[in-house]
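Asks: Here is a sequence with its predicted model. Questions after.
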Amino acid sequence: MKKPKVSVLGIGYVGLCTAVGFASKGYDVVASTHDAEKAAKINKGVPPFHEPNLKKLLEETIQNGNLTCLINQTEKAVLETDLTFNAVGTPSKPDGSIDLQFIETSTRDIGQALNQKSKYHVVVIKSTVVPGTTQDLVKPILEKESKKKCGSGFGLCMNPEFLRQGSAFEDTMHTDRVVIGEYDRQSGDALETLYKDFYGENMPPTIRTTLSTAELIKYASNSMLATKISFINTMANLCEKISGADVKIVATAMGLDKRIGPLFLNAGIGYGGSCFPKDVKALIAHSKNLGYRLELLEAVESVNKAQPLKAVEFCKELLGNLKGKRVAILGLAFKADTDDMREARAIPIVNQLLEEGANVTAYDPVAVPIAKTIFKNKIRYAASATACLKNADCCILVTEWDELKKLKPEDFTRSMKQPVLIDGRRIYDPEEFSRKMKFTAIGLGH
Ligand code: UGA
């Protein structure tokens, strides 16, 4: 079978991993973005963000010519290919609802290209969009601009992505499921055939459904994971009131129940990143517009908002007034293996510490350049964990980096002014650490 040519619009995590994934399997891939700086990096084989295992394959696919990245040339990308994945960003508006402006403009460009094309082309929405968007916004724009009927003149699918930052490329290459929402059978068949060729013998279970069901599957999945996190954080907060209780053991035991499962039950200072906070808010706002209040998700969100500030409360309990105290922050990224600081829990924690008059020094293996654009010179940045801890009155562990998991009590006691540690991610053994220093952690009863 001759491999179809693929175009990808938007080169964030989803777009770039999709583009490199297909290119690495021998497809001709054309990406297009409005961001000239990012495109230049990609065309040199340099990923525009920190993502393990992406660099080598990006380099290879650029070198062997399977992948090229255009600047603002959606029409060219569509005209040169058979199928287009639209993976442009869908940020939040100030009220939490989804901002679809990039979907609208890119869809208009795709439609105008389709107008010049006689061959059947498949348009696939990969961005996270609220249920109804593909049918009620994307389809009419495509039909208007192309002057063609959806389903005969061109095909339309909605194909959500489930990759995680930090393992984005592996997740693209090995996913648990493929979800294909389809307007017309022909486009659904074309997309399923493409994935069968892509995954070969490892083709995961595939769900074919309507456009809006596919859209909701993405939100429901992220909301469920966010709910698991806020649930276990609620149990963590309860454990703190119960002498001898430890949420980590509670979660381990709960996870052994197959109906519950062990994943996403790590208690801590809450979830951050570019997905859970945005998607939970967007679904709440969308559902409200439809006349149904998502009370459960409202609670998930409010638990998550309060959770990071608990670390500062612990700090105050242990040190008293924070004015002039030196606080070391270990980890700034919203999770390990990424330099992304969108909605990172470090942000409310650092801001609150500064508000209380503390002097903050922070260390992160990769996120410092981005952190500098957020905190500017309001905090100090250390070049290593050890340097960060020097003369500190207290340390808050914020991100679960492997390198930080390896620290021993002596690494803290050796150079801190007061050996006080707050484990915001439950990565240290309470028994070992509390023997040697003042130690407290989320979800640990006293
Ligand atoms: C999340 C989903 O896991 C992906 O399936 C989805 O495709 C992606 O959003 C998306 O919509 O694009 P991601 O945001 O990269 O992926 O990161 P996660 O690994 O899910 O972690 C999110 C946040 O939850 C992090 O701040 C992490 O520290 C926190 N978390 C995670 C916990 O606090 N406890 C846990 O048990 C797990």
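Replies: Noted; the coordinates are in hand.

Asks: who in this protein is up against the ligand?
Replies: 128, 161-165, 222, 225, 229, 264-266, 268, 271-273, 275-276, 334-335 (Cβ under 6 Å from any ligand atom). All C-beta spots, glycine's among them, are computed from the backbone N, C-alpha and C.

Asks: Run through the neighbouring helices and strands of the helix or strand hosting Val280.
Replies: Assessed by DSSP states H and E, Val280 sits inside helix 276-289. Applying 3 or more Cβ pairs under 8 Å, 6 or more residues apart in numbering; DSSP states H and E, we find helix 276-289 packed against helix 211-239, helix 295-319.

Asks: tell me the angle the last one makes with helix 276-289.
Replies: Computed by axes from the mean of the first three to the mean of the last three Cα atoms, to 10 degrees, the angle separating helix 295-319 from helix 276-289 equals 140 degrees.

Asks: pLDDT at the one residue in the stretch 1-150 of the chain that gets nearest to the ligand, what is it?
Replies: Across the stretch 1-150 of the chain, the shortest distance to the ligand (Cβ to the nearest ligand atom) belongs to Thr128, at 5.9 Å. pLDDT, Thr128: 97.

Asks: Check the gap between it and Ile229 for me.
Replies: Here the criterion is Cβ to Cβ, to the nearest Å. By it, Thr128 lies 18 Å from Ile229.

Asks: Now do the buried residues in the helix holding Val280.
Replies: Buried residues in helix 276-289, counted by 16 or more other Cβ atoms under 10 Å: 276-287.

Asks: buried residues in the helix or strand of the chain with the lowest mean pLDDT?
Replies: Lowest on mean pLDDT, DSSP states H and E among the helices and strands of the chain sits helix 168-173, with a mean of 92. Residues of helix 168-173 classed as buried: 168-169, 171-173 (neighbour count, 16+ other Cβ under 10 Å).

Asks: any low-confidence regions in the stretch 251-400 of the chain?
Replies: The stretch 251-400 of the chain contains no residues with pLDDT under 70.

Asks: what about the helices in it?
Replies: For the stretch 251-400 of the chain, the helices defined by DSSP state H, counting those that start in this stretch occupy 276-289, 295-319, 346-355, 368-375, 385-389.

Asks: Which one of the ones you listed lies nearest to Lys196?
Replies: helix 276-289 (28.6 Å; Cβ to Cβ).

Asks: quick one: contacts for the residue lying closest to Lys38 once chain neighbours are set aside?
Replies: Closest residue to Lys38 apart from its sequence neighbours, by Cβ to Cβ, 6 or more residues apart in numbering: Pro48 at 4.4 Å. Neighbouring residues of Pro48 by Cβ atoms under 8 Å, 6 or more residues apart in numbering: 11, 16, 37-38, 41-42.

Asks: Mark which of the residues of the chain next to the ligand are buried, thanks.
Replies: For the residues of the chain next to the ligand, buried by 16+ other Cβ under 10 Å: 128, 161-163, 165, 222, 225, 229, 264-266, 268, 271-273, 275-276, 334-335.

Asks: so how many other residues sit close to the residue lying closest to Pro409 once chain neighbours are set aside?
Replies: Taking Cβ to Cβ, 6+ apart, and ignoring the residues beside it in sequence, Pro409 has Lys436 as its nearest neighbour in space, at 3.8 Å. By other Cβ atoms under 10 Å, 14 other residues sit near Lys436.

Asks: now Lys436: how far from the ligand?
Replies: Between Lys436 and the ligand the distance is 26 Å, computed by Cβ to the nearest ligand atom, to the nearest Å.

Asks: which other helices and strands contact the host helix or strand of Glu59?
Replies: Take DSSP H and E as the rule and Glu59 turns out to sit in helix 55-63. In terms of contacts (3+ Cβ pairs under 8 Å, 6+ apart), helix 55-63 is packed against helix 13-24, helix 36-43, strand 67-71.

Asks: now, among the buried residues of helix 276-289, which is nearest to Ile374?
Replies: Pro277 (15.6 Å).

Asks: does the residue of the chain most remote from its centre count as helix, strand or coil?
Replies: Going by Cα atoms, centre = their mean, the residue of the chain most distant from its centre is Ser118, 37.6 Å out. Here Ser118 is coil, with the state taken from DSSP: H, G, I helix; E, B strand; the rest coil.

Asks: mind listing what it touches?
Replies: Counting by Cβ under 8 Å, 6+ apart, Ser118 has no contacts.

Asks: Could you rerun that using 10 Å?
Replies: When contacts are counted by Cβ atoms under 10 Å, 6 or more residues apart in numbering, Ser118 touches 148, 153.

Asks: Please tell me I have it right and Leu265 contacts Thr234.
Replies: No. Taking contacts as Cβ atoms under 10 Å, Leu265 lies outside contact range of Thr234: 11.7 Å.

Asks: Need the overlap of contacts for the two.
Replies: Val247.

Asks: Next one: the residue nearest to Lys38, what pLDDT does it get?
Replies: Looking at Pro48, the pLDDT reads 93.

Asks: Can you pull the phi/psi pair for it?
Replies: Pro48 adopts backbone torsions of phi -80, psi 0, taken as degrees, to the nearest 10.

Asks: what does the one 5 residues further on give?
Replies: In this entry, Asn53 is assigned phi and psi values of phi 70, psi 10 (degrees, to the nearest 10).

Asks: For the residue nearest to it when sequence neighbours are not counted, give its distance to Asn72.
Replies: If the residues on either side of it in the chain are set aside, Asn53 comes closest to Phe169, at 5.0 Å by Cβ to Cβ, 6+ apart. Distance, Phe169 to Asn72, using Cβ to Cβ: 25 Å.

Asks: Same check on Leu296?
Replies: Distance from Leu296 to Asn72, by Cβ to Cβ: 41 Å.

Asks: buried subset of the contacts of Pro48?
Replies: Using 16+ other Cβ under 10 Å, the buried ones in the contacts of Pro48 are 11, 16, 38, 41-42.

Asks: Isn't Tyr363 up against Ala383?
Replies: Yes. In this structure, Tyr363 is within contact of Ala383 by Cβ under 10 Å, at 7.5 Å.

Asks: Of these two, which one has the most company?
Replies: Tyr363 (28 against 9).
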